[in-house]
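Peer 1: any chance you can model this:
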Amino acid sequence: MQKKVIDELLLKSDMHPVLLDVGSSGGPPAIWDKIARHCIYVGFDPSQAESRESATGRFYKAIIINSAVTSGQGTDQALFYFTRSPSCSSTLRPDAESLSHYLFSDLFVVEREGTVPITSLNSVLERFSVSRVDWFKTDSQGTDLRLFNSLREEVRNRVLAVDMEPGLINAYVGEDLFVDVHREITQQGFWLSNLEVYGAVRLRRATCEALGGFARDGSYGLLEKTLKKSPAWCEARYLRTNESLARGDFGKPDYVLLWIFALLDNQVGFAADLTVEYQRRFGKDAVLETMRQEVALRLRKPKGTLLFSVARHVLPTGAKRRIRRWLQGLLQ
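Peer 2: Numbers count the residues shown, from 1 in each chain. Take a look at the predicted model:
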């Protein structure tokens, strides 16, 4: 039912939400699947051979940029730290001293340094005539907040949803930590809609070597699986508040789009609040009736509550997203 309602609202309003994805080599987030065919996708993937624009595939239009992205201006190259694990490589130097307390520190060992082509978010948006960003997602290994703040003010002030992956420990020198992200993003008119915390084993490799017998035959991997993990980074999702919408120059399409984003994140209560606020600002119309019916149905019969609770608290972290996606499809 949810996807049918979302399709109906997006088609009636002829909306094409802009989804910006920094760090897209792993593919777009699964939460975007239900709206993909209506959306303009802007993804940054340095592993691609060239930048390209496509009107075919899962999105209404896809723009793939084959360079790293920076919050700075006026340069086309940047120093890049290539680490043992490619997913840990960054324009920021890994903080070796801080990481030495954790068993996964070898993933951040810098194997080489080099310059890479870079671009800015604003130059890409201008190049491809994209005038807004509706959902901003970044996993930039330490620079999420500064990238968001690098957007032109008129673009940044109209973003409706933000996904970031900030650290809880100092994995990089001078990185944007969760405490920095949360303080500033909430000040900019957002509230924390979802938070997934991930961890690492706090154990020095030097300790294993000193005790003896723990550094052979893949035993580090066994320790990673069996010892308790300490919080190390998180995935945080923020949605724009009703109060921020009221203060800004937002119209009917913005309220509808934020309402859709809220349902995608299973924030039915917030979607209900948006429905009431939509009526207060714009009065009754066919769109309002569609919104009212959907939230009323979901408030009366919150589908899959028990199943999602089990999936959240019992399943292993690696399987949680796949199982959640399957359950959501099953229950529609």
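
Peer 1: need the nearest residue in space to residue 142, chain neighbours excluded.
Peer 2: Leaving aside its sequence neighbours, residue 142 sits nearest to residue 175 (C-beta to C-beta, 6 or more residues apart in numbering; 3.2 Å). All C-beta atoms are positioned from the backbone trio N, CA, C, and that covers glycine.

Peer 1: need the three-state assignment for that neighbour.
Peer 2: Secondary structure, DSSP: H, G, I helix; E, B strand; the rest coil: residue 175 is coil.

Peer 1: for the residue lying closest to residue 148 once chain neighbours are set aside, give me its contacts.
Peer 2: Nearest residue to residue 148, sequence neighbours excluded (C-beta to C-beta, 6+ apart): residue 136, at 6.0 Å. Residue 136 makes contacts with 20, 148, 151, 159, 161, 162, 163, as judged by C-beta atoms under 8 Å, 6 or more residues apart in numbering.

Peer 1: so how far is residue 188 from residue 136?
Peer 2: Separation of residue 136 from residue 188 (C-beta to C-beta, to the nearest Å): 11 Å.

Peer 1: which ones among the contacts of residue 136 lie within helices?
Peer 2: In this view, the contacts of residue 136 that belong to helices under DSSP state H are residue 148.

Peer 1: most neighbours among the contacts of residue 136, which one is it?
Peer 2: residue 20 (29 neighbours; other C-beta atoms under 10 Å).

Peer 1: poorly predicted segments of the stretch 201-332 of the chain, please.
Peer 2: By pLDDT under 70, the weakly predicted segments of the stretch 201-332 of the chain are 213-218, 302-332.

Peer 1: the strands in it, which residues?
Peer 2: In the stretch 201-332 of the chain, the strands defined using DSSP state E, counting those that start in this stretch lie at 230-240.

Peer 1: which residue ranges of it form helices?
Peer 2: Under the criterion DSSP state H, counting those that start in this stretch, the stretch 201-332 of the chain carries helices at the ranges 205-211, 219-226, 242-247, 252-264, 268-282, 286-300, 305-313, 317-331.

Peer 1: just name the most buried of those helices.
Peer 2: Neighbour counts (mean count of other C-beta atoms under 10 Å) averaged over each of the helices of the stretch 201-332 of the chain peak at helix 252-264, with a mean of 22.

Peer 1: correct me if wrong: residue 109 contacts residue 84.
Peer 2: Yes: counting by C-beta atoms under 8 Å, residue 84 is a contact partner of residue 109 at 4.6 Å.

Peer 1: mind checking pLDDT for the residue nearest the centre of the chain?
Peer 2: Centroid-nearest residue in the chain: residue 163, 2.9 Å away (criterion: C-alpha atoms, centre = their mean). Here the pLDDT value assigned to residue 163 is 97.

Peer 1: low-confidence ranges in the stretch 1-150 of the chain?
Peer 2: 1, 24-25, 46-56, 73-75.

Peer 1: quick one: the strands in it, in order.
Peer 2: Assigned by DSSP E, counting those that start in this stretch, the strands in the stretch 1-150 of the chain fall at 18-22, 40-44, 52-54, 61-65, 68-70, 77-83, 110-120, 135-138.

Peer 1: what comes up buried for stretch 21-28?
Peer 2: 21, 22, 23, 24, 28 (16 or more other C-beta atoms under 10 Å).

Peer 1: residue contacts, the closest residue to the residue nearest to the centre of the chain other than its chain neighbours?
Peer 2: For residue 163, ignoring the flanking residues on the chain, the nearest one in space by C-beta to C-beta, 6+ apart is residue 137 at 3.9 Å. Residue 137 is in contact with 19, 20, 21, 22, 29, 162, 163, 164, counting by C-beta under 8 Å, 6+ apart.
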